[in-house]
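>>> sequence-free structure coming up:
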């Protein structure tokens, strides 16, 4: 286990990322807002929400080992 | 040029007035709110002759631009007692637009001697047709008979038994392009207002409508194509809605503790997977037949967030099955089976009642001990019992606030008389502020905020988020466009450019936004005159006192904070 990365769990609720759920390692010290770029969705940040440990966050929080992220599409209506 | 059609029911006459100048920009909620403010005595009985019933499309209604043919229906609400606008998809706004009719005002009421009537609007004018034989029928059978009489291309706005009984949660059903009478102006009891006028249905036939002359057809078509390209290039509209529909919201709410469960006692449902968007999609695909994962409820709509949910044999069970019905008739009643929810949704549609208020009322009845949570049979019985005028059904059909009062339930989720939608105000606080302060009462469509990447369960900034959302929705509603299009429109100027190319006008985005802001003020002014003031801008007490265990939060806004939303 290296000390430059941390393990997090990502659940995808984006149709184009279906079936890609699982554990992954990301660089230590990154903020939640950066995760979409790390995961290859940096160009769609306006269309995506990140839920961290059952709470919507504002993206400024630092990712911590064991974090559980759910990546959701922005829904404009309901 | 578009005009307003005024139908005087007492004399069975009609007149029209052409829109001029800035009026050309008025549509949807902007128009219904102003007509209600100008013509309805605020203290009148909502079911009396002094109320008006107003149908209004937007400035782009009647064209095939994606998602611009919403029908706003407005009146003084018998449910909230205030100014009400509830909009729906379907084909009526499109057909009115093709006939050059921006709005229809129904004033006074038909006489008792007239009995129930159908009002028919076509290129020749307005006619009044006896309809006593349709009374008592469910919405589906009524629509079937009306299509037999008026042809399959007619557009219908009609009411069910709930409206006929003046139940204050009765909605107005609008037919979709395939003729399904299931697009609802469900909120606020507008079906009861329509019934109080003596009208069972409004039939709109645009088959003889003259071809429209656009001021600049080439520019209009180019802009229409641009909107289409944007819808097809935006993930939410081209991938998410077309696959999962509005049910995709359930993944947001259930994951932040905001899904109403067992009368808002929790925010996460243990059977969420069974009623979630992936199960909905997979079930429709697996069953095939008439089922469709995406479907356009309006002509020209490319978002296609609607669906057709089939039974095990592939026959249509209900269309559409959407998030609010899943949340209120499902998890909020402890019901975790999509087939059960679809059936309940079908029965609500057939009786002509609002699924949100009815789902909330059934859950309150369950909390009162009339049945255990999850009792589908009870829910079905009280909904279908409306047809027979069963007294418990009439109670439920009068909505959650009346039900809570009669049954002595403290935990009644209503604001200004209207049930909250499927977002717990403790977990998505911006929407909670909207519920509390919107002139529309507990209504998520007045300014929903779960789309924001913010700490939804915390208080900071939420007053501003709600204010922005309320102003944004007033803008969308005043143009008569669908909120589902919002994500695909990155520059709202395109909407004004379309209007200008249609009419040869030079309206600006600032003018449209000013109209939207004024619309909110007009609604609040009417409400104040009706006795609804900032004192009523509150959430139910239990949301302040009971922690939602799944978001670990309460609704904690002070009177002053809520009063600051509208300044």
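On my side now, so go ahead. Predicted model only: the values in this text are computed from it and were never measured.

>>> longest single helix anywhere in chain B?
If you go by DSSP state H, chain B has its longest helix at helix B:509-529.

>>> how close does residue B:181 sit to chain A?
Look at residue B:181 and chain A: by CB to the nearest CB, to the nearest Å, they are 21 Å apart. C-beta coordinates here come from the backbone N, C-alpha and C atoms, glycine included.

>>> assign a three-state SS to that residue, would you?
coil (DSSP: H, G, I helix; E, B strand; the rest coil).

>>> tally of neighbours for the closest residue to it other than its chain neighbours?
The spatial neighbour of residue B:181 that comes closest, neighbours along the chain excluded (CB to CB, 6 or more residues apart in numbering or on different chains), is residue B:143 at 3.9 Å. Counted with other CB atoms under 10 Å in any protein chain shown, residues neighbouring residue B:143 total 23.

>>> helix or strand next in line after the helix or strand of chain B with the lowest mean pLDDT, which one?
Across the helices and strands of chain B, mean confidence by mean pLDDT, DSSP states H and E is lowest for helix B:235: a mean of 86. Tracing the chain C-terminally past helix B:235 and defining elements by DSSP states H and E, one meets helix B:241-244 next.

>>> list the residues that contact residue 45.
Since no chain was named, I'll use chain A. Residue A:45 is in contact with A:33, A:36-37, counting by CB atoms under 8 Å, 6 or more residues apart in numbering or on different chains.

>>> wrong one, chain B
So residue B:45 contacts residue B:51 (CB under 8 Å, 6+ apart).

>>> which SS class is it?
Three-state call for residue B:45 (three-state DSSP): coil.

>>> give the pairing partners of the longest strand belonging to chain A; include direction for each.
Looking across chain A with DSSP state E, the single longest strand is strand A:5-12. Counting by DSSP bridges, the strands paired with strand A:5-12 are strand A:22-27 (antiparallel), strand A:68-73 (parallel).

>>> mean neighbour count, those: which tops it?
Among the strands paired with strand A:5-12, the stretch with the highest mean neighbour count (mean count of other CB atoms under 10 Å in any protein chain shown) is strand A:68-73, at a mean of 21.

>>> now residue 25: closest residue in space, sequence neighbours ignored.
Went with chain A since none was named. Residue A:25's closest residue in space is residue A:5 (CB to CB, 6+ apart), at 4.1 Å.

>>> the chain in question should be chain B.
residue B:507 (5.0 Å).

>>> show me the contacts for that neighbour.
Here residue B:507 is in contact with B:22, B:24-25, B:496, B:499-500 (criterion: CB under 8 Å, 6+ apart).

>>> re the thing from before, what comes up buried for the host helix or strand of the residue nearest to residue B:181?
In the assignment (DSSP H and E), residue B:143 maps to helix B:139-150. Buried positions in helix B:139-150, judged by neighbour count with 16 or more other CB atoms under 10 Å in any protein chain shown: B:139, B:142-143, B:146-147, B:150.

>>> same list (those residues) but as JSON lines, adding pLDDT.
Shown next, in JSON lines, are the buried residues of helix B:139-150 (pLDDT from 0 to 100):
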{"residue": "B:139", "pLDDT": "98"}
{"residue": "B:142", "pLDDT": "98"}
{"residue": "B:143", "pLDDT": "98"}
{"residue": "B:146", "pLDDT": "98"}
{"residue": "B:147", "pLDDT": "98"}
{"residue": "B:150", "pLDDT": "98"}
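
>>> which residues of chain A score low on pLDDT?
For chain A, the stretches flagged by pLDDT under 70 are A:1, A:77-78.

>>> within range of chain B, give me the residues from it.
Counting by CB under 8 Å from any CB of the partner chain, chain A comes close to chain B at A:13-16, A:44, A:47, A:49-51, A:54-59, A:70, A:72-78.

>>> and the longest helix of chain B, what does it pack against?
If contacts are counted by 3 or more CB pairs under 8 Å, 6 or more residues apart in numbering or on different chains; DSSP states H and E, helix B:509-529 sits against helix B:28-39, strand B:83-88, helix B:462-479, helix B:493-503.

>>> residues contacting the residue of the stretch 301-450 of chain B found nearest chain A?
Ranked by CB to the nearest CB, the top residue of the stretch 301-450 of chain B for proximity to chain A is residue B:323, at 5.3 Å. By CB under 8 Å, 6+ apart, the residues touching residue B:323 are A:78, B:245-250, B:422.

>>> among those, which two are most distant?
Distance extremes for the contacts of residue B:323: the farthest pair is B:245 and B:422 at 14.0 Å, using CB to CB.

>>> if we can go back for a sec, what is the neighbour count of the residue nearest to residue A:25?
Residue A:5 has 14 nearby residues by other CB under 10 Å.

>>> give the bridge partners for it, please.
If you apply DSSP bridges, the partners that residue A:5 bridges to are residue A:27.

>>> contacting residues around it?
Counted by CB under 8 Å, 6+ apart, residue A:5 has contacts A:25-28.

>>> so which of those residues is the closest to residue B:400?
Of all these, residue B:400 sits closest to residue A:26, with 45.1 Å by CB to CB.

>>> could you list the residues of chain B in contact with chain A?
Within chain B, the positions near chain A by CB under 8 Å from any CB are B:234-236, B:239-240, B:243-244, B:246, B:248-249, B:251-252, B:255-257, B:305, B:323-324, B:421-423, B:444-445, B:448, B:450-451, B:453-457, B:482-487, B:550-551.

>>> flag every buried residue along stretch B:481-496.
Buried residues in stretch B:481-496 (16+ other CB under 10 Å): B:481-489, B:492, B:494-496.

>>> wait, I meant stretch A:57-64
Neighbour count says stretch A:57-64 has A:57-59, A:61, A:63 buried, by 16+ other CB under 10 Å.

>>> try stretch B:382-394
B:382-387, B:392-394.

>>> and what of stretch B:215-228?
B:220, B:223-224, B:227-228.

>>> also stretch B:261-271?
Of the residues in stretch B:261-271, B:261-269, B:271 count as buried by neighbour count, 16+ other CB under 10 Å.

>>> and the helices in the stretch 351-500 of chain B?
Secondary structure of the stretch 351-500 of chain B (DSSP state H, counting those that start in this stretch): helices located at B:355-367, B:376-384, B:391-396, B:400-407, B:429-437, B:462-479, B:493-503.

>>> what is the distance between the last one and the centre of its chain?
Mean-position distance between helix B:493-503 and its chain equals 25 Å (CA atoms, centre = their mean, to the nearest Å).

>>> can you check the first one too?
Between the mean C-alpha point of helix B:355-367 and the mean C-alpha point of its chain there is a distance of 18 Å (CA atoms, centre = their mean).

>>> can you check the shortest one too?
Counting by CA atoms, centre = their mean, helix B:391-396 is centred 22 Å from the centre of its parent chain.
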